[in-house]
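Asker: Make a model of this:
(one chain, ligands or ions: 1)
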Amino acid sequence: MPLPRGVRLTIRPGDRFRGPVSTIGSVSETTTAPTPGLSYFKGHGTENDFVIIPDPDGRIELGPAQVARLCDRRAGLGGDGLLRVVRSARDEAAAAQADQAEWFMDYRNSDGSIAEMCGNGVRVFARYLVQAGLAEPGPIAVATRAGVRRAVVAPDAADGTPGEVTVDMGRATLPGPDSIEVAVGERRWPARNVNLGNPHAVAFVADLDQAGKLFDAPAVSPAGVYPQGVNVEFVVDRGERHVAMRVHERGSGETRSCGTGACAVAVATARRDGVDPAVTQVPVTYTVDVPGGRLSITEHPDGRVEMTGPAVIVAGGTLEPGWL
Ligand SMILES: N[C@@H](CCC[C@H](N)C(=O)O)C(=O)O
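Answerer: Down below sits the predicted model:
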């Protein structure tokens, strides 16, 4: 049931959920909304899966408890994260990007925390816009909390297989310090600090099983390098310019894929291999296998990192009125 125009769904403090306003990496937030007849979609990119909430006119405020409920795999729809699809001009977090990108990807982790960027999310978001008729296939600008990202949705194959989506992920930075360490139980590995709009610690390991079950977040030291938490990638070599990774995501736990993580891994691996396109002026491409599939990551001489991979919308429906 569509909401009447002009109605903004918000519960005031004291109604159901309470807490201070959220910041990146935090799960506490005031607001949230009961959502009568709210429509949703479900999608994934290399099995990093998302609940998609269309909110073109910015009338829905989802608090962390509601996001966590929607992402709950037993009691909710289930997802590693949530993508709210809203016009940039209708959300103050993205209004400054409205002249460059009509649509804002309001991304939340499955625990309800806010993150700056989600690479697989941008691909799925672009796919949703095309499938919903909100954008044409081809280049699509998407506003994110880390700035505008440009996606290109390739046409579907003749057999209906959805075309892959390529995203310009911007420039990676490697802020240091050089002595970062990641630990799981008694095992420790040196790691590289890579930022793709959101923070990553990339550790090269001998075997992906060494990271264990990853029920808990790996410890990262020294303390204070990642004041807002970190996504941790474990990487092994698979061949020339070909690696495989596992990831423990901030706010979501171990997931089957992480797009920003795969980009961080490709850049960290290139530097480990002594390759820097800014120096050689030659782009370098790495194949990054994730538990949920495969991504292709190219770093260009100007520092831009491009990611190509699948993005699929699997279902859509309507929430039971009052459930949320
Ligand atoms: N899975 C995402 C990353 C989502 C955000 C991350 N958990 C964070 O908190 O930074 C991706 O595909 O990049």
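Asker: Nearest to the spatial middle of this structure, which residue is it?
Answerer: residue 118 (1.9 Å; Cα atoms, centre = their mean).
Asker: Which per-residue confidence value corresponds to it?
Answerer: Listed pLDDT for residue 118 reads 98.
Asker: So it is in contact with residue 260, correct?
Answerer: Yes: between residue 118 and residue 260 there is a contact at 6.8 Å, judged by Cβ atoms under 8 Å. Where C-beta positions appear, they are placed from N, C-alpha and C, glycine not excepted.
Asker: Which residues are in contact with each of those two?
Answerer: residue 198 (Cβ atoms under 8 Å, 6 or more residues apart in numbering).
Asker: Residue 263: helix or strand, and which one exactly?
Answerer: helix 259-272 (DSSP states H and E).
Asker: What residues of stretch 306-315 count as buried?
Answerer: Across stretch 306-315, burial judged by 16 or more other Cβ atoms under 10 Å covers 306-313.
Asker: Just flag the most distant two among those.
Answerer: Checked with Cβ to Cβ, those reach their widest spread between 306 and 313, with 22.5 Å between them.
Asker: number of nearby residues for the residue lying closest to residue 187 once chain neighbours are set aside?
Answerer: Once flanking residues are discounted, residue 187 sits nearest to residue 210: 6.0 Å by Cβ to Cβ, 6 or more residues apart in numbering. By other Cβ atoms under 10 Å, the residues close to residue 210 number 15.
Asker: Hmm, residue 210 is touching residue 246, no?
Answerer: No: Residue 210 is beyond contact range of residue 246, at 9.8 Å (criterion: Cβ under 8 Å).
Asker: Which residues of the protein lie near the ligand?
Answerer: 48, 81, 109, 115, 118-121, 198, 231, 249-252, 255, 258-261 (Cβ under 6 Å from any ligand atom).
Asker: just the helices in this structure please.
Answerer: When assigned using DSSP state H, the helices of the chain occupy the ranges 64-71, 119-131, 259-272, 277-280.
Asker: now the last one: how far from the chain's centre is it?
Answerer: To tie it back to what came earlier, the one meant is helix 277-280. Relative to its chain's centre, helix 277-280 lies at 28 Å (Cα atoms, centre = their mean, to the nearest Å).
Asker: Output it as CSV, restricted to C-alpha atoms.
Answerer: Presented in CSV, the C-alpha positions along helix 277-280 are these (Å, rounded to 0.1, in the frame of the first residue of the first chain):
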residue,chain,number,x,y,z
PRO,A,277,49.8,1.6,-12.1
ALA,A,278,50.6,5.2,-11.2
VAL,A,279,54.3,4.4,-11.7
THR,A,280,54.1,2.0,-14.7
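Asker: tell me which residues in it are buried?
Answerer: For helix 277-280, by 16+ other Cβ under 10 Å, it's residue 277.
Asker: And for stretch 161-181?
Answerer: Quick answer for stretch 161-181 (16+ other Cβ under 10 Å): 162-172, 180-181.
Asker: and which of these is nearest to the ligand?
Answerer: residue 169 (8.8 Å; Cβ to the nearest ligand atom).
Asker: what residues are shared contacts of residue 210 and residue 246?
Answerer: By Cβ under 8 Å, 6+ apart, the residues touching both residue 210 and residue 246 are residue 234.
Asker: which stretches of the stretch 201-324 of the chain form strands?
Answerer: 219-221, 231-239, 242-249, 253-255, 284-290, 293-299, 304-309, 312-318 (DSSP state E, counting those that start in this stretch).
Asker: partners of the fifth one in the sheet?
Answerer: Translated: strand 284-290. strand 242-249 (parallel), strand 293-299 (antiparallel) (DSSP bridges).
Asker: Export only the CA atoms of the longest one, formatted as PDB.
Answerer: It refers to strand 242-249. Only the C-alpha atoms of strand 242-249 are listed here, as PDB (Å, rounded to 0.1, in the frame of the first residue of the first chain):
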ATOM      1  CA  HIS A 242      44.500 -14.100  -9.200                       C
ATOM      2  CA  VAL A 243      43.700 -14.300  -5.500                       C
ATOM      3  CA  ALA A 244      40.900 -15.600  -3.300                       C
ATOM      4  CA  MET A 245      39.600 -14.000  -0.100                       C
ATOM      5  CA  ARG A 246      37.400 -14.300   2.900                       C
ATOM      6  CA  VAL A 247      36.000 -11.300   4.700                       C
ATOM      7  CA  HIS A 248      34.700 -10.400   8.100                       C
ATOM      8  CA  GLU A 249      32.600  -7.300   7.600                       C
END
